[in-house]
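Chemist: need coordinates for the following:
(4 chains)
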Protein chains: 2
Amino acid sequence: MKRHVLIYGIIGGILITVLQWTQYRFLIIEHSVEIYSALIAALFAILGIWLGLKLTKTQEKIVVKEVPVPAVDPFVPNEQKREDLGITRRELDVLELIAQGMSNREIAEKLYVSENTVKTHSSRVFDKLGAQRRTQAVQLGKELGLLP
Amino acid sequence: MKRHVLIYGIIGGILITVLQWTQYRFLIIEHSVEIYSALIAALFAILGIWLGLKLTKTQEKIVVKEVPVPAVDPFVPNEQKREDLGITRRELDVLELIAQGMSNREIAEKLYVSENTVKTHSSRVFDKLGAQRRTQAVQLGKELGLLP
DNA sequence: GCCAAAATCACCCGAAAGGATGACGACAGA
DNA sequence: TCTGTCGTCATCCTTTCGGGTGATTTTGGC
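Modeler: Numbering: from 1, shown residues only, chains lettered A, B, ... in the order given. Reported below is the predicted structural model:
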């Protein structure tokens, strides 16, 4: 945009020079100041109009582009909810693995604990969620924001 | 925008008039044509610059608004996938109820069939999904777009 | 160091789930 | 009409799950 103003100034200077040169060339002929004034004014007015039109033409419109962003849902583990329900971290660990479709035995191996331990954790988390089955516990866990 | 050009022209006309009036008032004093030319040129140049700046200033920007659209995911039941896997509608019905945390008995009551029938359907769908447990079947079903 | 909560493990029992197999009727398409 | 698929139901058997109870060890905070 600054370039436009600069160009405008330069063109103005050139025009003045041209006009002065023209004036000296026809010095013998007597021209009235009014004519020169009008000429200069007209030229600059035309220039201004042209500039205005140009600026108008290149004017950009408001483009409110509503990009449907993936809305990736970062899923922050809902610690607060977990605490509220009195579910311990370990119990939630087990619940997560249950949600992934693992058996108690597989979970036990993955967590390096006995299957009995896993059963204890799962029983407790079911109790705290009010679930009778693991599928139900998973469903409730997701509804409560405990699981992704 | 056309208003700007109009205003510019009007202001130009007024200025010329003012200048001419000024000239007649100090007619006795001899002013050179160059001074008037320069004066007019300067005034119009300033006006042009002002106009340019104003146009620049009011120029509107592109607003790329990234609206995190709710992304509600309507979930269209993936019939194609179901067919590809050779899973029947009835089997998918059972899978959906399993995903909701229901027991075989509850599903049987809901669908008005025997528990044995539910077990048959579930066994078949597990087989087709390659699942050993219902939690795993649910997980796979969601990954494959069979379930919401 | 003490205490409470958390995590760990064990055993028992009944219910639920899962696997295998067979069967039967309905229905659509060749 | 014959065939294949689908939905239905059953029986037998094994595995997994869930509930209950009790116990020991770890851990974190005071």
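Chemist: please report how far A:Pro74 lies from A:Pro148.
Modeler: 10 Å (Cβ to Cβ, to the nearest Å). Backbone N, C-alpha and C define where each C-beta goes, glycine included.
Chemist: same thing with A:Phe126?
Modeler: 19 Å.
Chemist: those two - which one has more neighbours?
Modeler: A:Phe126 (19 against 12; other Cβ atoms under 10 Å in any protein chain shown).
Chemist: near chain B, anything from the helix or strand hosting A:Leu140?
Modeler: According to DSSP states H and E, A:Leu140 maps onto helix A:134-143. Yes - counting by Cβ under 8 Å from any Cβ of the partner chain, chain B is contacted by helix A:134-143 at A:Arg134, A:Thr135, A:Gln136, A:Ala137, A:Val138, A:Gln139, A:Leu140.
Chemist: so which bits of that helix are buried?
Modeler: A:Arg134, A:Thr135, A:Gln136, A:Ala137, A:Val138, A:Gln139, A:Leu140, A:Gly141 (16 or more other Cβ atoms under 10 Å in any protein chain shown).
Chemist: so what's the first one up against?
Modeler: This means A:Arg134. A:Ile98, A:Ser122, A:Phe126, B:Thr135 (Cβ atoms under 8 Å, 6 or more residues apart in numbering or on different chains).
Chemist: excluding its backbone neighbours, what's nearest A:Val138?
Modeler: A:Ala99 (4.4 Å; Cβ to Cβ, 6 or more residues apart in numbering or on different chains).
Chemist: pretty sure that neighbour contacts A:Gly141?
Modeler: Yes - counting by Cβ atoms under 8 Å, A:Ala99 touches A:Gly141, with 6.4 Å between them.
Chemist: and for these two, which residues touch both?
Modeler: What both A:Ala99 and A:Gly141 touch, as defined by Cβ under 8 Å, 6+ apart, is the set A:Leu147.
Chemist: remind me which residues of chain A are low pLDDT?
Modeler: A:1-64, A:66-71, A:75, A:77 (pLDDT under 70).
Chemist: ok so, going back, burial count for the residue nearest to A:Val138?
Modeler: A:Ala99, neighbours per other Cβ under 10 Å, totals 21.
Chemist: residue contacts, it?
Modeler: Counted by Cβ under 8 Å, 6+ apart, A:Ala99 has contacts A:Val138, A:Gly141, A:Lys142, A:Leu147, B:Thr135, B:Gln139.
Chemist: swap the cut-off to 10 Å and go again
Modeler: The contact partners of A:Ala99, by Cβ atoms under 10 Å, 6 or more residues apart in numbering or on different chains, come to A:134-135, A:137-139, A:141-142, A:146-148, B:135, B:138-139.
Chemist: ok, now A:Ser114?
Modeler: A:Ser114 neighbours (Cβ under 10 Å, 6+ apart): A:Asn104, A:Arg105, A:Ala108, A:Thr120.
Chemist: any idea how far it lies from chain B?
Modeler: 20 Å (Cβ to the nearest Cβ, to the nearest Å).
Chemist: do A:Val125 as well
Modeler: Taking Cβ to the nearest Cβ, one finds A:Val125 at 14 Å from chain B.
Chemist: in this structure that residue contacts A:Gly141, no?
Modeler: Yes - in this structure, A:Val125 is within contact of A:Gly141 by Cβ atoms under 10 Å, at 8.4 Å.
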